[in-house]
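S.K.: From the sequence below, what's the structure:
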Amino acid sequence: MSDESNPQAVGDAGEPEPKRRGILGVGSIILGVPLLLWMVTAFIVSRSLKYPPSLEKGTGHDVLGEHIPIFTRGSVSNIRAATGLEPQRLDCGAVRDDSFRGRSVPVIGWFFAGSRPEVIVLLPPAGGDEVQIIPYVKFLHAAGYNILAAYSANNPKYGITWGLTKRKFAFEIVRELNEDGYDKVAAIGISEGGAAAILAQSEKPVFKAIVVDSSYANLAQTLLHSPAMAGLNPAFARTVIWEAYWWFGKNLFNVSPAKAAANLGKCPLLIIQNSGDPLTPVADGEAIRQAASGPAELWITPSKGHADAIFQVPKEYAAHVTAFLDKVFGPAPAVAQAIPSPIPAASPSPSQHKLRERLKMRHRTTTTKAQAASQ
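M.R.: Numbering: from 1, shown residues only. The predicted model follows:
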């Protein structure tokens, strides 16, 4: 009797186990599907932080100040006609971005020869085109400075990295300039270019002075408050920022020019912030100023747009930036000379002539070199 009853007892006792498993399986599906959709959607949205629709449409811009003209893609002829200067193309190799793809991004810029020994590197905003460098080139060259205007390199192929890749541009550009004999280099960075200048300087002291125009203080906080993400569920928005690590190779909360400013040493810093900037408010500029380890000043402009002060108050902008640079490097030679010299102060020295000739020689096309080698 007992032997026959045991199987029945075991069977009765075992019947609830499959039911529990079934309930747990259904529950896992019910919970897992929404979680999977949540994560996949966040991954897609995080991709748009690097590849925004504006890049795909071909405009090349992510955020425009209200006073920035809408330009079509620029060209050397546009720059030459507008400035009266002859730009020289400068190739500085390539860098890899920090994302899991590790794309190789070319570092290219236009060099405009001036009469002073210093070089000002222009690091443009996200998607800024060549034509937008014209007002900067004009007033800097009028003050005698050499200018190296870097390409933005933001497009559908490389995306926007909000200054992370451009900080590497700074290293390669300054290395190239140093090799050509220019050891006094300053930077003017606009929007993400400003963030790039600070991030670069905090890693390696490459600049003698930095002008930061409309930089963010913390990348994650800026993106969370941007028009594209401000309306999202807070928990979902945080998931988007977390998953953005795949696209940027960095925890975006750790990408902070405000924190990096504490590692600038004695590098002088001029911070320009627009009073009504909806993306990088005055508080961002103030956070950078307070954290700066060296001398720092904050100039607040009347614009309500983003990174467009030079287009709204061009004379005041040029005056502020030139005064800051002259305070760092000293006045232009023509002003500093109290006794007239038989050689015009604006004339480049023989060493500068040699450097410029080397610059031209080193950046001839590879086709010409190949043809010479084959002869």
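
S.K.: from here on, contacts and neighbour counts on C-alpha atoms
M.R.: Fine.

S.K.: Give me the buried stretch members for stretch 200-220, please.
M.R.: Neighbour-count burial for stretch 200-220, counted by 16 or more other Cα atoms under 10 Å, picks out 200-202, 206-220.

S.K.: What's the mean pLDDT across that stretch?
M.R.: Averaging pLDDT along stretch 200-220 gives 97.

S.K.: Now do the end-to-end distance for it.
M.R.: 18 Å (Cα to Cα, to the nearest Å).

S.K.: Tell me which residues of stretch 314-324 come out buried.
M.R.: 317-318, 321-322, 324.

S.K.: I'd like to know which of those residues are part of helices.
M.R.: In this view, the buried residues of stretch 314-324 that belong to helices under DSSP state H are 317-318, 321-322, 324.

S.K.: so what's Ile133 closest to, chain neighbours aside?
M.R.: Distance criterion Cα to Cα, 6 or more residues apart in numbering; nearest residue to Ile133, sequence neighbours excluded, is Ala149 at 7.1 Å.

S.K.: again with Gly194
M.R.: Nearest to Gly194 is Val212, by Cα to Cα, 6+ apart, at 4.5 Å.

S.K.: Then Arg47?
M.R.: Leaving aside its sequence neighbours, Arg47 sits nearest to Trp247 (Cα to Cα, 6+ apart; 6.4 Å).

S.K.: Can you say which helix or strand has Leu223 in it?
M.R.: Using DSSP states H and E, Leu223 sits in helix 219-224.

S.K.: packing partners for that helix?
M.R.: Helix 219-224 sits against helix 234-243, with contacts defined as 3 or more Cα pairs under 8 Å, 6 or more residues apart in numbering; DSSP states H and E.

S.K.: Quick one: mean pLDDT over the helix or strand just after the helix it packs on.
M.R.: Once helix 234-243 ends, the next helix or strand along the chain (criterion: DSSP H and E) is helix 245-248. Per-region confidence: helix 245-248 scores 90 on mean pLDDT.

S.K.: quick one on the thing from earlier: what does the helix holding Leu223 rub up against?
M.R.: Helix 219-224 has contacts (Cα atoms under 8 Å, 6 or more residues apart in numbering) with 162, 216, 229-230, 237-238, 241, 252-256, 279-280.

S.K.: where exactly do the strands run in the stretch 201-350 of the chain?
M.R.: 210-213, 269-274, 296-301 (DSSP state E, counting those that start in this stretch).

S.K.: Note down every partner strand of the first one and its orientation.
M.R.: According to DSSP bridges, strand 210-213 forms sheet pairs with strand 185-190 (parallel), strand 269-274 (parallel).

S.K.: now the last one
M.R.: In the sheet, strand 296-301 lines up against strand 269-274 (parallel) (DSSP bridges).

S.K.: and the partner strand, how far from the chain's centre?
M.R.: Distance of strand 269-274 from the chain centroid (Cα atoms, centre = their mean, to the nearest Å) equals 16 Å.

S.K.: how about it as CSV, C-alpha atoms only?
M.R.: Extracted in CSV, the C-alpha atoms of strand 269-274 (Å, rounded to 0.1, in the frame of the first residue of the first chain):
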residue,chain,number,x,y,z
LEU,A,269,41.0,82.6,-19.3
LEU,A,270,38.4,84.9,-20.9
ILE,A,271,34.9,83.5,-20.7
ILE,A,272,32.2,85.0,-23.0
GLN,A,273,28.6,84.1,-22.2
ASN,A,274,25.3,85.4,-23.7
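
S.K.: What degree of burial does the residue nearest to Arg47 show, as a neighbour count?
M.R.: Neighbour count for Trp247, taken as other Cα atoms under 10 Å: 22.

S.K.: For it, give me its contacts.
M.R.: Contacts of Trp247 (Cα under 8 Å, 6+ apart): 46-47, 50, 99-100.

S.K.: Next: Ala153.
M.R.: Ala153 makes contact with 105-107, 127, according to Cα under 8 Å, 6+ apart.

S.K.: From Val328, how far off is it?
M.R.: Taking Cα to Cα, one finds Ala153 at 30 Å from Val328.

S.K.: what's the answer for Glu172, then?
M.R.: For Glu172, the distance to Val328 - Cα to Cα - is 23 Å.

S.K.: Ok, Ala142 next?
M.R.: In terms of Cα to Cα, Ala142 sits 17 Å off from Val328.

S.K.: was I right about Ile210 contacting Cys267?
M.R.: Yes: counting by Cα atoms under 8 Å, Cys267 is a contact partner of Ile210 at 7.3 Å.

S.K.: Not counting sequence-adjacent ones, nearest residue to Lys208?
M.R.: Ala186 (5.2 Å).

S.K.: right, and the one you found touches Ile210 too?
M.R.: Yes: taking contacts as Cα under 8 Å, Ala186 lies within contact range of Ile210: 5.8 Å.

S.K.: wait, what's in contact with the residue nearest to Lys259 when sequence neighbours are not counted?
M.R.: Residue nearest to Lys259 in three dimensions, not counting chain neighbours: Ala291, with 6.6 Å by Cα to Cα, 6+ apart. Counting by Cα under 8 Å, 6+ apart, Ala291 makes contact with 258-259, 261-262.

S.K.: same deal with Leu49?
M.R.: 160, 244 are the contacts of Leu49 under Cα under 8 Å, 6+ apart.

S.K.: For Asp183, see how far away it is.
M.R.: From Leu49 across to Asp183, the span is 36 Å (Cα to Cα).
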